[in-house]
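Engineer: Predicted model, plus sequence, below.
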Amino acid sequence: MKHLIKAVLVIGALSLSACTNADRFNTTDTVDLNAQNGLNAANDINQTGLGGANDPSSPQFFSQTIGDRVLFEVDTSTLTAAGRATLDGQAGWLSTNSDYLAVIEGHADEQGTREYNLALGARRANSVREYLISKGLASSRIRTVSYGKERPIAVCSEESCYAQNRRAVTIISIGQNS
Amino acid sequence: MIKRILTLLTACVLAATLSSPARAQSELIDLGTLTSGVIEALPFAIPSFQPEVGGSEQMAADISRVIAEDLNGTGLFRQIPASAFISTPSGFGAPVAFADWRAINAQALVTGAVAVNGNQVTVKFRLYDVFSGAEMGEGLQLAGTTDAWRRMAHQVADAVYSRITGEAGYFDSRVVYVAETGPKNDRAKRLAIMDYDGANVQYLTDSSAIVLAPRFSPTGDRVLYTSYESGFPRINVLDVATVGRQQLGTADGDMAFSPRFSLDGRQVIYSLIQGGNTDIFHTDLTTGQHSRLTNTPAIETAPSFSPNGNQIVFESDRSGTQQLYIMGANGGEPQRISFGNGRYGTPVWSPRGDLIAFTKQESGRFHIGVMRTDGSEERLLTSSFLDEGPTWAPNGRVIMFARETQGADGTTGLYSVDITGRNLRRVTTPQGGSDPSWGPLQR
C-alpha cells in the first residue's frame, strides 16, 4: 500500500513545461530587388504593351500611380488621412473608368486569432467600400472579401512587416459583379 | 484489490485532475489542487505480445509498441524498458510471475497475444495489478482486419487507461486539421484527417482554395469547415466516409465562417459577415431555418455549444477588446466571463461541461488556457509566440492546439497538453498543421 502510494504520490511544484521559447528565428528582409524589375530586360526580348503606368486609364496606373491599397493601425479599421487620399484617387479613377468593378480585400497581420482577424479584415474592407460609396460610386460595383491573416505579403514577425499586412487592397476588373 | 488500486490511483495520482468513476460526470475538476503538485508517472510493463501463430511476430511487436506509446504519451504512465525485465511470460495463459514484476517496481502489467490469419487479426490482452497479484477487469479479445491493427492497439490502450484511471480513454480517436505547406506568403492549405497520434494521415481536399478551421460533428461522420472555393469564405459540410462536400445554406451575408455543430449534429452555429459586421447565427440542418443570435456592431465569433446544448460560449469585442461571453442557445443577453488582462478568443466548451478552453493574447505572447464556465480559476497551460485554437480530447483531459513559430521562416505544428499544463507534446504530422478538431472515440 505504502509502496504504491509512494510510487504515484504527488510531489513538488507544478511547472509549465509549455514555456518553450519559440522566438529563436532571426527575421530577415526577403525583398529581392532584382527579381522582378529585370535590370537587363530590353535585350533580345519581345515586349508586348500591357498599357503602361503612364496611361491614366490602365489598371497599372490604378495600382501603381494612384495606389491600390490603404494601411491600418493595429486592431483598427479607421481610415488614415493617407488612406483617404488614396481612396479619393481610387474613387476618381473608378468614376472615370466606369467599366471596372472592384473587390476590396481586407487583411490583418499575424498578431491575432484566425477568426477575429477574418472579422477584422472584413471591417477594413468595409471601411474602404463605405468611403468609396460616399464618394459617389454605386454600391453594386464594390464587393468585399476578408482574408484575415491568411495572405500576408511581408513575412517577418516585426512591425515593419505587420504594417504592410494590415491592409485593404482594391482589386479591379472589367466584368459583372454577380 | 482492483478496487484498491483504483482508489489509490484516484486518490493519489489523479484526484487532482480526474473525477473517479463513482463521481458524477459533471463534477468540476479540482483545479485548485493542481497548482500544488506534480504527478509521478505510474510504472508499467508490457512484454511484447505473444505471436500465437506463425507470421504474427511483426504484428505482435507493432501492436505492443503502439499500446505502450499511447500510455507513455499521456504522461500518467511510464513504460519499464524490456531490458529491465527479469522474466517474460512463457505464454498468454501462463501463470504470471508477480515477484519478478514487483522486483522491478512495475505497478501494472499488460500481457497479450496476437494471431494473424490472412487479413484477419485477433488481439487478446489482460491487465494486472502487480502488487496485489490480481487481474484488473477481465481479459478482452479484439478481432478485425489487419489494416485496422492500429485501432485495435488503441482500443487495448483505452481499456488499460480506463481501468486504471476510471476515466474514458481517447486513443481510438481521430483529428481533422489543416495541413500546411509552403512559405508564409504563399501557404497551401488542405483539409486532412489523421489518428490522434498523427498516424494514417489522409487528405480530404486539395489546396486550390484556402480552407480553414474544420470542426468534427459529435459522431465524427461529418466535418464543417470554411472554404474560399467560391472566392469568398463560405461554410462547407463534408461527409467523412465519401469525402463529398456541399455548401451550407446560411442566412444572407457576404461571408460565413467559424462553424460548429450542436451535440445532436442537427444544428450549426457560425459567424456571418453583413456589411463588414460579424454576428453569430444559427441554422437548423433539419428544417433549413436560420436565426440571428447576436446583434451588435462588435465582432462576435467563435461560438461553441455547451454539451447540454443550452448555452453558447463565444468571443466579442463589444467591451473594446476580445473577451469571452456565454449566452443562451437562442441568444439573449450574454454574461461576460473573462476579466483578466489581455485578449481572449476561440473559446471551446469541454465535453465534460466543466471547463472552457481558450486562446489568450497578453503582452505579445499567446497562451492556451482553461477556466471554469463562470470565468473563475483561469489557468494558462502554454506560452509561445503564437499558440491558438484549442480542441478537446473526447474525455476532456487533453487539449490539442496549433503553434506557429516566429519570423519569416515561421512554420505551424500541432501540439497537445494536459489540462494541468503538463505533458506538452508535438503531434507528428507530415507537414505543418493548424486548426485541429479532435473527434469522438470511434465505434
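Structural biologist: That came through fine. All values reported here derive from a predicted model rather than from experimental measurement. Numbering: from 1, shown residues only, chains lettered A, B, ... in the order given.

Engineer: Contacts only, for B:Leu414.
Structural biologist: Shown in contact with B:Leu414 (CB atoms under 8 Å, 6 or more residues apart in numbering or on different chains): B:175, B:177, B:198, B:400-403, B:426-427, B:429, B:433-434, B:436. For glycine as for every other residue, the C-beta is placed from the backbone atoms N, C-alpha and C.

Engineer: and the residue of chain A nearest chain B?
Structural biologist: A:Asn126 (2.4 Å; CB to the nearest CB).

Engineer: Pull out the buried positions in the helix or strand hosting that residue.
Structural biologist: Per DSSP states H and E, A:Asn126 falls inside helix A:114-134. By 16 or more other CB atoms under 10 Å in any protein chain shown, the buried positions in helix A:114-134 come out as A:114-132.

Engineer: just to revisit the earlier point, which one of the contacts of B:Leu414 is nearest to A:Ile142?
Structural biologist: B:Ser434 (31.4 Å; CB to CB).

Engineer: three-state assignment of the residue nearest to the closest one when sequence neighbours are not counted?
Structural biologist: Leaving out its chain neighbours, the residue that sits closest to B:Ser434 by CB to CB, 6 or more residues apart in numbering or on different chains is B:Ala402, at 4.0 Å. Classification of B:Ala402 using DSSP: H, G, I helix; E, B strand; the rest coil returns strand.

Engineer: Which of the contacts of B:Leu414 has the largest number of neighbours?
Structural biologist: In terms of neighbour count, B:Tyr177 stands highest of the contacts of B:Leu414 at 29 neighbours, by other CB atoms under 10 Å in any protein chain shown.

Engineer: The helix or strand where B:Thr111 lies: partners in the sheet, and parallel or antiparallel?
Structural biologist: B:Thr111 is part of strand B:108-117, with elements assigned from DSSP H and E. The strands beside strand B:108-117 in its sheet (DSSP bridges) come out as strand B:42-45 (parallel), strand B:50-51 (parallel), strand B:120-129 (antiparallel).

Engineer: Could you list the alpha-carbon positions for it in CSV?
Structural biologist: Below are the C-alpha coordinates for strand B:108-117, written out as CSV (Å, rounded to 0.1, in the frame of the first residue of the first chain):
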residue,chain,number,x,y,z
ALA,B,108,0.7,-2.6,-13.7
LEU,B,109,1.4,-5.4,-16.2
VAL,B,110,-0.2,-5.7,-19.6
THR,B,111,0.1,-9.1,-21.3
GLY,B,112,-1.3,-10.1,-24.6
ALA,B,113,-1.3,-12.3,-27.7
VAL,B,114,-1.7,-11.7,-31.4
ALA,B,115,-2.8,-14.1,-34.1
VAL,B,116,-2.7,-13.1,-37.8
ASN,B,117,-4.7,-15.3,-40.2
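
Engineer: Contacts for it, please.
Structural biologist: Strand B:108-117 is contacted from outside by B:5, B:42-47, B:49-53, B:55-56, B:59-60, B:63-64, B:67, B:77, B:89, B:91-92, B:96, B:101, B:121-130, B:136, B:146, B:156, B:160, B:164, using CB under 8 Å, 6+ apart.

Engineer: Produce a ChimeraX select command limited to the buried residues of those.
Structural biologist: Burial among those is assessed by 16+ other CB under 10 Å; the matching ChimeraX selection reads:
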select /B:5,42,43,44,45,46,47,49,50,51,52,56,59,60,63,64,67,77,89,92,96,101,121,122,123,124,125,126,127,128,129,130,136,156,160,164
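
Engineer: so what's residue 79 scoring on pLDDT?
Structural biologist: Picked chain A for this. Looking at A:Leu79, its pLDDT is 98.

Engineer: ah, no, chain B please
Structural biologist: On pLDDT, B:Gln79 comes in at 97.

Engineer: Phi and psi next, for the nearest residue to B:Phe257 once chain neighbours are set aside.
Structural biologist: In space, and not counting its chain neighbours, B:Phe257 is closest to B:Thr226: 4.3 Å by CB to CB, 6+ apart. The phi/psi pair for B:Thr226 (degrees, to the nearest 10) reads phi -100, psi 130.

Engineer: repeat for B:Lys360
Structural biologist: Torsion angles, degrees, to the nearest 10, at B:Lys360: phi -120, psi 140.

Engineer: ok, now how distant is it from A:Asp75?
Structural biologist: Noted for B:Lys360: a distance of 16 Å to A:Asp75, by CB to CB, to the nearest Å.

Engineer: who's more crowded, those two?
Structural biologist: Per other CB under 10 Å, whichever of B:Lys360 and A:Asp75 has more neighbours is B:Lys360, with 27 against 19.

Engineer: Now do the same contact list for the residue lying closest to that one once chain neighbours are set aside.
Structural biologist: Spatial nearest neighbour of B:Lys360, chain neighbours left out: B:His367 (4.5 Å); criterion: CB to CB, 6+ apart. Neighbour list for B:His367: B:359-361, B:380-383, B:387 [criterion: CB under 8 Å, 6+ apart].

Engineer: For those, could you give me a markdown table that also reports pLDDT and secondary structure?
Structural biologist: Putting these into a markdown table (pLDDT from 0 to 100; DSSP: H, G, I helix; E, B strand; the rest coil) gives the following:
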| residue | pLDDT | secondary structure |
| --- | --- | --- |
| B:Thr359 | 98 | strand |
| B:Lys360 | 98 | strand |
| B:Gln361 | 98 | strand |
| B:Leu380 | 97 | strand |
| B:Leu381 | 97 | coil |
| B:Thr382 | 98 | coil |
| B:Ser383 | 98 | coil |
| B:Asp387 | 98 | strand |
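
Engineer: helices and strands of the chain: which one bottoms out on pLDDT?
Structural biologist: In the absence of a named chain, chain A is used. When each helix and strand of chain A is scored by mean pLDDT, DSSP states H and E, strand A:10-11 comes last, with a mean of 33.

Engineer: should've been chain B
Structural biologist: Taking mean pLDDT, DSSP H and E as the measure, helix B:31-34 is the helix or strand of chain B with the lowest mean score, a mean of 32.

Engineer: Surely B:Ser319 is in contact with B:Phe339?
Structural biologist: No: between B:Ser319 and B:Phe339 there is no contact under CB atoms under 8 Å: 9.9 Å.

Engineer: And the strands in the stretch 151-300 of chain B?
Structural biologist: Along the stretch 151-300 of chain B, the segments classed as strands by DSSP state E, counting those that start in this stretch run B:173-181, B:188-195, B:202-203, B:211-216, B:222-227, B:234-239, B:245-247, B:255-261, B:267-274, B:277-284, B:290-292, B:300-305.

Engineer: Pick out the residue in chain B sitting closest to chain A.
Structural biologist: The nearest approach of chain B to chain A comes at B:Gly276, 2.4 Å away (CB to the nearest CB).

Engineer: quick one, what contacts that residue?
Structural biologist: A:77, A:122-123, A:125-127, A:129-130, A:144.

Engineer: how near is the closest residue to it other than its chain neighbours to B:Ser376?
Structural biologist: Leaving aside its sequence neighbours, B:Gly276 sits nearest to A:Asn126 (CB to CB, 6+ apart; 2.4 Å). A:Asn126 sits 37 Å away from B:Ser376, taking CB to CB as the criterion.

Engineer: and if you look at B:Leu414?
Structural biologist: As defined by CB to CB, B:Leu414 lies at a distance of 29 Å from B:Ser376.
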